[in-house]
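Colleague: This is a predicted model, with the sequence first.
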Amino acid sequence: MSNSKGNRTPDSGESSDIFALLGALRQRADEPGKFWPLFLESICDWCQAHRGQLFVKAGAPSEGQKWIAAWSFPKGADKSNAAKPNLPSSHQLDEWAARFGDSESSNDAPAVEHASDGNSYCSVHGIGNRTAKAGIGLIMVLHPENGQRADAARMRSIAEPLCLIPEFLEQSRQVDSQKRNVLRFTGALDLMVLLNAEKRFLAAAMLFCNEIATRLGCDRVSLGWLKSNQVEVQAISHTDKFEKKMEAVQALSAAMEESIDQCQEIVFPRPEGSVSIVRDHENYAKSQGCKFVVSIPLFPAESVAGGDAVASDDGASDREAALDPLGAVTLERSDHPFSADDLNTLRLICDHAVRPLSSLQTSDRWLGARAMSALRKKAATLLGVEHTWWKIAAILVVIGLAVLIFGRKEYRVEGEFEIRTDAMAQLSAPFDGHLAEVHVRVGDEVAEGTPLFALDSRELALQREAALAENARFKGEVLRAESMLQAAEMKMARARVQQSQAQLDLLDFRLSRAEIKAPFDGIVVEGDLREKIAAPVSNGDLLMKIARIEDLYFDLMIPEKDIQDFSENSVGVAKFASQPAEDYPFTIERIQPIGRTEEGGNVFYARCQFTGDRQDWWRPGMSGVAKIDAGKRTLLWIATHRTVDFLRMYFW
């Protein structure tokens with residue numbers, strides 16, 4: 001703060017300074033270690049005091065006062081006094097602070113006393129709303145010129161209204177807190193209206209994640225539900241489909257389980273003083289490149305029916321002792337950490353959303369699960385109340401053993417397949433530039449020589465014109481050197497002519513490749529560039545793929561443990577991932593004699609051909625699952641031969 005403002009008062013037209021002071025103090029209202037020093041420096045600057053100190057005085061006289069901030073006449077500052085005065089001693093300041101609040105009235109005028117040097121004045125003020133014998137006090141010392149007591153009166157008149165600033169800021173902070181609470185409850189109720197309108201659990205879960213991501217400004221929000229003591233990720237914000245076996249999804253499930261196992265909120269990076277375990281959250285954050293992760297468990301609606309649970313310092317809540325969690329929600333951010341207000345909003349939303357989500361999850365089950373629930377009730381009625389499940393289990397075991405021993409069915413080995421073609425062209429950018437034209441899109445059939453796309457060649461044309469001019473200039477230098485019989489200059493000029501001609505040839509070559517054409521008859525299988533027109537591309541960037549579709553076949557991966565059951569001409573049925581309702585018979589043409597190591601073990605690749613008519617929608621790269629017939633086996637053998645083979649190898 002500047003110390004050369006002259007004699008002024010807060011109402012002397014300097015309103016902009018007051019607003020600047022209020023803004024600076026408001027920004028530090030939640031940081032006492034920064035707020036009180038700035039307040040003390042500002043009020044002393046306004047009052048042109050030579051020294052100021054803030055203290056806290058308790059109600060009991062025996063506890064005395066505690067100094068919390070101090071400010072003194074800055075070295076080198078330009079005050080009305082030419083030299084730094086002899087300021088009161090610390091002992092004298094303690095005496096003045098000790099008499100603070102001796103009067104029974106809390107509205108007494110500030111005391112003004114002479115300091116020990118006879119020339120300084122001390123003014124003691126109460127800060128904000130205080131009791132008669134306790135609160136925060138301010139001591140300011142003035143060394144007026146020529147001992148004029150009017151300066152002390154001026155200091156008091158300026159300080160009294162400024163001492164109300166902390167109380168004003170505290171009231172403003174409370175009003176803002178109440179406003180945030182109202183907005184938080186309103187947002188939660190709005191979300192409940194949307195969730196109650198949903199009829200399916202997955203749709204409600206996706207809506208829940210998207211709304212939280214939007215309201216709290218998250219990069220990604222995920223919802224996991226506890227099934228068979230394991231968390232299954234049900235929905236990820238702004239992601240319609242995802243594979244639950246993906247490594248990222250598995251890491252996300254582990255992070256949710258970490259929160260559920262501890263029955264408390266997990267904040268990563270871990271806040272100071274927290275004792276929660278955040279290992280899985282740390283691993284997930286590192287693998288996904290997100291800086292801030294929060295997971296909060298979802299407790300049954302019965303545990304929060306009486307109102308919102310009160311969270312403890314480490315994120316746990318009183319409700320965790322009532323019922324086990326149903327699932328968890330995980331939030332991710334990369335730009336800024338989660339504030340306490342964000343966490344309070346998240347807790348409120350989760351407490352209210354868990355009831356409709358759990359209700360939908362229970363009712364929106366597949367037919368078999370609901371049939372089992374109904375069957376249990378019917379069986380209880382028929383067989384009696386006691387030991388219902390034991391009786392049903394015994395009957396089912398007998399029936400099951402009979403079916404397993406005597407029942408026979410076709411044994412099929414399952415394997416993944418992918419359609420391939422013998423010819424595929426990958427077309428890339430021939431040079432750095434911008435995409436100018438696109439003539440085809442994915443799925444179009446093209447003939448050999450058909451233009452596919454073109455790069456902007458205007459810059460190359462300008463470079464070529466410049467190269468032509470430079471080449472002509474160098475040729476002129478050659479002629480001039482020849483006419484002047486300068487052999488050395490002539491050789492150098494000819495070298496530059498050759499260099500410029502090489503540059504010109506290179507530009508001609510690039511211009512000839514600016515338009516990319518189809519190398520053969522086929523279909524565009526990858527590279528929809530219509531949305532990238534005018535976008536920059538780099539030399540070598542893959543832009544489009546073209547494949548022949550006349551002779552399609554597929555590679556089938558057969559596990560090593562089942563390869564002995566198959567040979568060439570073995571038959572089976574395949575289902576495409578895009579058309580699971582249709583079966584397509586096929587025959588194995590050839591089995592590669594050398595196995596490959598893939599994820600999950602060794603496999604042998606078999607080249608297979610469909611025995612039926614080829615479909616027009618088949619494209620290279622399509623995948624699915626195929627089952628190969630291996631003969632009839634008993635159900636018991638089908639169910640146990642894997643285990644029997646393992647035990648044979650283990651005890652061999």
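Modeller: Yes, it's here. Numbering: from 1, shown residues only.
Colleague: Could you list the low-pLDDT ranges of the stretch 151-300 of the chain?
Modeller: The stretch 151-300 of the chain contains residues with pLDDT under 70 at 151-165, 167-171, 173.
Colleague: What segments of it are helices?
Modeller: Applying DSSP state H, counting those that start in this stretch to the stretch 151-300 of the chain gives helices spanning 165-196, 201-216, 247-262, 279-288.
Colleague: And the stretch 551-652 of the chain, by the same measure?
Modeller: Applying DSSP H, counting those that start in this stretch to the stretch 551-652 of the chain gives helices spanning 635-650.
Colleague: can I get the helices of the stretch 151-300 of the chain in TSV with distance to Ile392 and mean neighbour count?
Modeller: All C-beta spots, glycine's among them, are computed from the backbone N, C-alpha and C. As requested, those are exported to TSV (distance: least, Cβ to Cβ, whole Å; neighbours: other Cβ atoms under 10 Å):
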stretch	distance to Ile392	mean neighbour count
helix 165-196	37	14
helix 201-216	28	20
helix 247-262	31	20
helix 279-288	39	17
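Colleague: Just put these in JSON lines and tack on distance to Ser42.
Modeller: Output for the helices of the stretch 151-300 of the chain, formatted as JSON lines (distance: least, Cβ to Cβ, whole Å):
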{"stretch": "helix 165-196", "distance to Ser42": "9"}
{"stretch": "helix 201-216", "distance to Ser42": "35"}
{"stretch": "helix 247-262", "distance to Ser42": "45"}
{"stretch": "helix 279-288", "distance to Ser42": "41"}
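Colleague: What sits closest to Gly187 if chain neighbours are left out?
Modeller: Arg215 (6.0 Å; Cβ to Cβ, 6 or more residues apart in numbering).
Colleague: Quick check: the one you found touching Asp190?
Modeller: No: using Cβ atoms under 8 Å, Arg215 is not in contact with Asp190; the gap is 9.3 Å.
Colleague: mind checking which of the helices of the stretch 151-300 of the chain is nearest Phe299?
Modeller: Nearest of these to Phe299, taken as Cβ to Cβ: helix 247-262 at 10.0 Å.
Colleague: And the contacts of the closest one?
Modeller: With Cβ atoms under 8 Å, 6 or more residues apart in numbering as the test, helix 247-262 has contacts from 222, 224, 226, 230-233, 242-243, 265-266, 276-281, 283-284, 287-288, 293, 295-297, 316, 325, 327-328, 330.
Colleague: let's see it at 6 Å
Modeller: 222, 224, 231, 233, 266, 276, 280-281, 284, 287, 295, 297, 325, 328, 330 (Cβ atoms under 6 Å, 6 or more residues apart in numbering).
Colleague: Repeat that for stretch 347-364.
Modeller: Counting by Cβ under 6 Å, 6+ apart, 184, 188, 192, 195-196, 200-201, 204, 208, 296, 298, 301, 304, 308, 326 sit against stretch 347-364.
Colleague: next one: that stretch to chain centre, how far?
Modeller: Here stretch 347-364 shows a centroid-to-chain-centroid distance of 23 Å under the convention Cα atoms, centre = their mean, to the nearest Å.
Colleague: likewise stretch 615-628?
Modeller: Its chain's average C-alpha position is 36 Å from that of stretch 615-628, according to Cα atoms, centre = their mean.
Colleague: try stretch 443-455
Modeller: Relative to its chain's centre, stretch 443-455 lies at 40 Å (Cα atoms, centre = their mean).
Colleague: hey, C-alpha coordinates of it in CSV?
Modeller: The C-alpha trace of stretch 443-455 is given here as CSV (Å, rounded to 0.1, in the frame of the first residue of the first chain):
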residue,chain,number,x,y,z
GLY,A,443,-18.5,-46.8,-48.3
ASP,A,444,-18.1,-45.4,-51.8
GLU,A,445,-17.0,-47.9,-54.5
VAL,A,446,-14.3,-46.4,-56.7
ALA,A,447,-12.6,-47.5,-59.9
GLU,A,448,-8.9,-47.4,-60.6
GLY,A,449,-7.7,-43.9,-61.3
THR,A,450,-10.7,-42.2,-59.7
PRO,A,451,-9.7,-39.0,-57.9
LEU,A,452,-10.2,-39.4,-54.2
PHE,A,453,-9.0,-36.2,-52.5
ALA,A,454,-6.6,-33.3,-53.3
LEU,A,455,-4.3,-31.1,-51.3
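Colleague: Mind giving me the packing neighbours of the helix or strand in which Lys409 is found?
Modeller: Using DSSP states H and E, Lys409 sits within strand 408-421. Packing partners of strand 408-421 (3 or more Cβ pairs under 6 Å, 6 or more residues apart in numbering; DSSP states H and E): strand 552-559, strand 623-634.
Colleague: Give the partner strands of the shortest one in its sheet and their orientations.
Modeller: Within its sheet, strand 552-559 is paired with strand 408-421 (antiparallel), strand 601-610 (antiparallel), according to DSSP bridges.
Colleague: looking only at pLDDT, what's the mean for the first one?
Modeller: The one in question is strand 408-421. When pLDDT is averaged along strand 408-421, the result is 88.
Colleague: In that strand, which residues are buried?
Modeller: 411-413, 415, 417, 419-421 (16 or more other Cβ atoms under 10 Å).
Colleague: what's it in contact with?
Modeller: With Cβ under 6 Å, 6+ apart as the test, strand 408-421 has contacts from 547-548, 552, 554-558, 562, 620, 622-624, 626-630, 632-634, 638.
Colleague: give me that answer again for 7 Å
Modeller: Residues from elsewhere that reach strand 408-421 (Cβ atoms under 7 Å, 6 or more residues apart in numbering): 547-549, 551-559, 562, 565, 574, 618, 620-635, 638.
Colleague: shaky segments in the chain?
Modeller: Looking at the chain by pLDDT under 70, you get 1-33, 48, 57-65, 73-165, 167-171, 173, 302-323, 373, 376-377, 379-386.
Colleague: Relative to Ala340, which of the strands paired with strand 552-559 is closest?
Modeller: Among those, the nearest to Ala340 by Cβ to Cβ is strand 408-421 (48.7 Å).
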